[in-house]
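# sharing a sequence plus its predicted fold:
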Amino acid sequence: MRSQYTAIMEQLVERLASSAAYEGTLEGCSEDEIDEIRETQGVKRLPRMYREFLLHMGRHTGGLEGYLGFEITYPGVCEFKRMSFDLLRQPDIFVMTHIADGDCAFYFHIDEDDPIVYWVGYDRRPEFVEFNVLETKDCGSLSNWLIDVVGDFIGDPQLPPNPIDKEE
């Protein structure tokens, strides 16, 4: 039986691939690449929803990255934790993306299967010895974040509701 996380990603891939916004290819990561991502981020596990994202579009997102304006795929994701500031370099935090030009990052804690995604904005001007956190924002669950960004990208904010929300 396929998991709810697999079902969400299959639906997103189908909607994205059949949309006018679709560009290029959709390609997932191999198990070895997923292990490399986990190891380079220094976490003991990956949430199930994120793992499904990696399996379905962890290498190529069909143009989604270009729309977002930042990288969310392998191999770049291997470097994001190293590039971010000390508060995010914890063993229970996964840095999903690091936007150097925008001085911000998206991250989540690894202990939930569908974790809350956080956006953090910071100041890293040379006069600061350490990063100065300016703002942190709760972006909702990873599954909802993915549904929202794919819906925005393909111009269809009416994607079917997240089945995980119905369980709560």
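Great, that's in hand.

# show me the helices in the chain, by range?
Along the chain, counting by DSSP state H, helices occupy 4-17, 31-41, 48-57, 64-68, 80-83, 142-154, 163-167.

# take those helices and lay them out in CSV including mean neighbour count and distance to residue 117.
Where you see a C-beta, it was placed from the backbone N, CA and C, and this is true even at glycine. Shown next, in CSV, are the helices of the chain (neighbours: other Cβ atoms under 10 Å; distance: least, Cβ to Cβ, whole Å):
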stretch, mean neighbour count, distance to residue 117
helix 4-17, 18, 14
helix 31-41, 16, 15
helix 48-57, 24, 10
helix 64-68, 17, 13
helix 80-83, 18, 13
helix 142-154, 21, 5
helix 163-167, 12, 14
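
# by mean pLDDT, show me the worst of these.
Per-stretch mean pLDDT for these is lowest at helix 163-167 (a mean of 65).

# any idea how far residue 76 is from residue 99?
11 Å (Cβ to Cβ, to the nearest Å).

# who's more crowded, these two?
residue 99 (17 against 14; other Cβ atoms under 10 Å).

# nearest residue to that one other than its sequence neighbours?
Excluding its sequence neighbours, the residue lying closest to residue 99 (Cβ to Cβ, 6 or more residues apart in numbering) is residue 70, at 4.7 Å.

# count of neighbours near the one you found?
18.

# which one is residue 58 nearest to, not counting chain neighbours?
residue 29 (3.5 Å).
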